[in-house]
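A.B. asks: A predicted structure for the sequence below; I have some questions about it.
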Amino acid sequence: MLEFEYDGVIIGAGPNSLALAAYLSKAGQKVILLERRFEAGGGLMTEEVTLPGYYHNTHAVYHMMVDYAPVFKDIDLAKYGLQWLYPPVQFAMPFSDGSALCLYSDVDKTCSSIAKFSPKDAESYRKMYDKYNQYMEEFVGPATYHEAIPAFEQMMKLQSTDIGKEISELTEQTPREIIEGTFEHDRVRAMLLYVTCMWGLDYDMQGLGYLVPLYINRSTNYRLCINGSHKLAHCLYRSIYDSGSMVLTSQLIKRIIVENGEAKGVEMEDGRVFWARKFVCSGIDPYQTFVDYVGENNLSGEFFTRVHDYQWEWESLLDVHMALEEAPRFTAASSNPDVDQSFVYILGYESEQELIDHWEAIKRGELVVAGFNACFPTVHDPTEAPPGKHTGLISEAVPYDLKDGGADRYYNYKFKEAHAQQLLDVLKRYAPNMNEDTVLWTYIGTPKDYENKFWNMKKGSYKQGGYFPLQMGYLRPNEYCSHHRTPIKNLYLCGACVFPGGCVIWGPGYNAANRIAEDYGIEKWWPKMDIVTQAEEKGLL
């Protein structure tokens with residue numbers, strides 16, 4: 001039996017695991033990451049899945065926290081060639097009558113676009129923009145990179161300041177109540193409700209209203225990684241190796257070795273053992289971590305039940321990646337040329353009710369053709385396709401378990417190909433040049449495909465678990481693991497299943513690095529974030 005010893009063993013090499021390893025390796029710790037897939041990076045994938053030379057971001061493409069996440073500056077990923085694009089036209093929502101709503105990085109331009117539909121809504125948007133920007137800078141952003149605080153304690157802290165009281169009031173409202181209480185025009189409501197809920201936030205659920213300022217604020221702050229999202233994983237990978245640690249891919253784990261209630265290391269299917277002098281940390285979902293790898297015999301009955309009660313997301317994603325002869329030309333661009341330069345498109349919905357009807361169909365397990373978001377990265381970054389050619393992405397919210405046939409129905413290629421064609425027909429309705437001559441090839445990814453490709457995306461759950469009030473904040477994934485520690489001594493969590501959650505926001509990995517460093521007396525070479533210090537001084541954290 002081959003045995004190896006490291007300061008820390010990290011399971012999975014997704015974004016948060018890579019960030020954790022980069023911080024601790026640079027702090028002098030010898031760590032190893034064990035990744036099942038051939039490529040490290042988790043959802044940071046850029047692949048040739050259609051035609052040679054066409055590179056598609058097959059999972060993460062819209063990066064929402066580049067201007068906040070400390071990992072980029074702390075690790076100095078720019079020295080490894082990491083570059084970002086910040087498209088000035090962030091969102092466009094074309095309509096069948098040739099009009100369009102646009103969200104810009106410039107608030108004045110956004111207000112001008114909204115004013116064409118409703119001058120009053122333009123004024124309301126400006127007020128919301130300013131207020132939510134304040135919420136983001138003073139609380140939501142800092143809280144993302146600070147360990148979770150128990151709900152009652154956090155509520156008391158928020159109640160001590162005026163801005164905290166305002167955020168608390170939002171928390172008890174549903175996203176729909178917030179949007180409809182602020183805007184009057186149906187199409188403005190449709191667009192802003194979509195950008196609020198596009199990452200799995202239930203439009204009609206109370207208790208998570210504090211996330212509305214986050215998603216509204218981020219809807220004009222998305223970035224595109226030049227050379228594809230996998231470039232980001234590659235840069236972190238290089239930093240880890242430069243610091244003396246390593247990543248092993250194509251690794252099959254048998255179990256987390258637990259002796260006398262302590263995690264000692266990881267045993268592989270082939271018999272190799274990686275011993276941990278200090279810690280084992282899992283970047284994958286709680287079910288795999290505790291049920292598959294720790295085992296029920298090493299857990300209390302209550303904790304084991306809590307893991308089994310963890311809920312996955314109420315919706316998943318179905319993606320159609322396209323190799324294109326040319327970029328789309330939207331009909332709505334005739335009245336506003338900026339439409340053709342948008343980063344993200346919202347297509348298919350002509351009203352707020354159509355959007356809500358789609359979400360309700362998903363909850364019933366129905367796969368319908370309604371609307372989706374779309375992106376054409378090569379309009380902004382031509383390096384991802386052959387000269388003069390383009391790539392495209394259609395990303396549709398869908399149920400995992402279909403009412404007719406269950407999730408296994410996605411295995412039927414003719415079924416998913418027919419559905420993908422219907423989505424392409426919707427795209428063609430708004431951009432007529434997207435036809436059989438210009439769409440050269442497609443690659444379809446369903447919730448079942450994602451579950452098979454990324455084992456920690458159970459039931460197509462792209463955030464390692466749904467956003468519900470009882471598994472967010474201090475309760476994510478449960479009260480036993482909310483500070484990254486687990487009931488097993490020396491075993492930690494750093495994936496999207498822990499606070500603050502998913503969508504490649506880097507909070508779980510960064511916060512886990514802080515927790516592990518503090519628990520083992522590892523000297524932190526990285527500075528505490530100024531915005532976190534300021535939030536603490538104001539009593540918000």
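C.D. replies: That came through fine.

A.B. asks: Identify the residues contacting stretch 128-135?
C.D. replies: The contact list for stretch 128-135 (Cβ atoms under 8 Å, 6 or more residues apart in numbering) reads V107, T110, I163, E166, I167, T182, V212, P213, I216, N217, T220. The C-beta positions use only the backbone N, C-alpha and C, and glycine is treated the same way.

A.B. asks: Make a PyMOL selection of whichever of the residues you listed turn out to be buried.
C.D. replies: The following PyMOL line selects those of the contacts of stretch 128-135 that are buried, judged by 16 or more other Cβ atoms under 10 Å:
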select buried, resi 110+167+182+212+213+216+217+220
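
A.B. asks: Out of the contacts of stretch 128-135, list just those in helices.
C.D. replies: V107, T110, I163, E166, I167, V212, P213, I216, N217 (DSSP state H).

A.B. asks: List the contacts of the fourth one.
C.D. replies: It stands for E166. K131, Y135 are the contacts of E166 under Cβ under 8 Å, 6+ apart.

A.B. asks: Then the third one?
C.D. replies: Residues in contact with I163 (Cβ under 8 Å, 6+ apart) are Q134, Y135, E138, F139, L540.

A.B. asks: Just those residues: which are in helices?
C.D. replies: Q134, Y135.

A.B. asks: could I get the contacts of I163 as a markdown table with neighbour count, pLDDT and distance to E269?
C.D. replies: Shown next, in a markdown table, are the contacts of I163 (neighbours: other Cβ atoms under 10 Å; pLDDT from 0 to 100; distance: Cβ to Cβ, whole Å):
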| residue | neighbour count | pLDDT | distance to E269 |
| --- | --- | --- | --- |
| Q134 | 15 | 97 | 51 |
| Y135 | 21 | 97 | 47 |
| E138 | 20 | 97 | 48 |
| F139 | 25 | 97 | 45 |
| L540 | 23 | 95 | 47 |
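
A.B. asks: Need the max-distance pair from the contacts of I163.
C.D. replies: Q134 and L540 (11.7 Å; Cβ to Cβ).

A.B. asks: ok, back up a step: show me which of the contacts of stretch 128-135 is closest to Q83.
C.D. replies: Once Cβ to Cβ is applied, the member of the contacts of stretch 128-135 that ends up nearest Q83 is T220, at 20.2 Å.

A.B. asks: Just to check, that closest one is in contact with Q90?
C.D. replies: Yes. With contact defined as Cβ atoms under 8 Å, T220 reaches Q90; the gap is 4.9 Å.

A.B. asks: between the two, what contacts are shared?
C.D. replies: Common contact partners of T220 and Q90 (Cβ under 8 Å, 6+ apart): L103, Y104, S105.

A.B. asks: residues in contact with Y462?
C.D. replies: Y462 sits in contact with G43, H59, G200, E313, S316, L317, Y450, G502, where contact means Cβ under 8 Å, 6+ apart.

A.B. asks: List the ones among those residues that fall in strands.
C.D. replies: S316, L317 (DSSP state E).

A.B. asks: so which helix or strand takes in A512?
C.D. replies: helix 507-519 (DSSP states H and E).

A.B. asks: So what touches that helix?
C.D. replies: Against helix 507-519 from outside (Cβ under 8 Å, 6+ apart): 8, 15-20, 23-24, 27, 69-71, 144-147, 278-279, 281, 283, 483-485, 492-501, 522-524, 526.

A.B. asks: now do stretch 247-256
C.D. replies: For stretch 247-256, the surrounding residues in contact (Cβ under 8 Å, 6+ apart) are 11, 13, 18, 21, 32-40, 237, 240-241, 263, 265-270, 280, 282, 289, 293-295, 488, 491.

A.B. asks: just checking, which of those belong to strands?
C.D. replies: Using DSSP E, the contacts of stretch 247-256 in strands are I11, I32, L33, L34, A263, G265, V266, E267, M268, V280, S282, L491.
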